[in-house]
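Engineer: with the sequence up front, the predicted model follows.
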Amino acid sequence: MFEGLETELDPIIDPVLEKNITKEAGVEMITLGDSKIEYNQDFRLCLITKLGNPLYSPEIFGKTMVINFSVT
């Protein structure tokens, strides 16, 4: 869970957002930075911002699902 996000996301999480998963010896792996780690299909990533109307780039909207939980 990432809390307090602004309008830019750290590019190191792009492989997770794009689901760049590879199989090595039957094990699903994902590359983060310089290291490869095992990936679990049950993994969920939550990105939370306090911005009322965040202006993310179209690429980020394409990689994520934006849900507005604000109370009206």
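Structural biologist: Looks like it arrived, so ask away. No experiment lies behind these values; they were computed from the predicted model shown.
Engineer: so where's the protein uncertain?
Structural biologist: 72 (pLDDT under 70).
Engineer: OK, contacts around the closest residue to Glu28 other than its chain neighbours?
Structural biologist: In this structure, Glu28 finds its nearest non-sequential neighbour in Tyr39, 4.4 Å apart by CB to CB, 6 or more residues apart in numbering. In short, each C-beta sits where N, CA and C put it, glycine included. Taking CB atoms under 8 Å, 6 or more residues apart in numbering as the criterion, Tyr39 is in contact with 21, 28-30.
Engineer: top of those by neighbour count?
Structural biologist: Ile30 (18 neighbours; other CB atoms under 10 Å).
Engineer: residue ranges for the helices of the chain, please.
Structural biologist: Under the criterion DSSP state H, the chain contains helices at 14-18, 58-63.
Engineer: which residues are in contact with the longest strand along the chain?
Structural biologist: Identified as the longest strand of the chain according to DSSP state E is strand 27-32. The list of residues contacting strand 27-32 from outside it, by CB under 8 Å, 6+ apart, reads 12-13, 15-16, 20-23, 36-41.
Engineer: what of stretch 49-63?
Structural biologist: 4-7, 9, 14, 17-18, 64, 66, 70.
Engineer: tell me the buried residues within the residues you listed.
Structural biologist: Among the contacts of stretch 49-63, those scoring as buried are 9, 17 (criterion: 16 or more other CB atoms under 10 Å).
Engineer: as CSV, the contacts of stretch 49-63 with distance to Pro58 would be great.
Structural biologist: Output for these, formatted as CSV (distance: CB to CB, whole Å):
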residue, distance to Pro58
Gly4, 23
Leu5, 17
Glu6, 17
Thr7, 13
Leu9, 13
Asp14, 15
Leu17, 13
Glu18, 14
Thr64, 11
Val66, 12
Ser70, 22
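Engineer: want to throw the helices of the chain into CSV with distance to Lys50?
Structural biologist: What follows is these, written out as CSV (distance: least, CB to CB, whole Å):
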stretch, distance to Lys50
helix 14-18, 20
helix 58-63, 17
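Engineer: ranking those helices by burial, who's on top?
Structural biologist: Mean neighbour count (mean count of other CB atoms under 10 Å) peaks for helix 14-18 among the helices of the chain, with a mean of 15.
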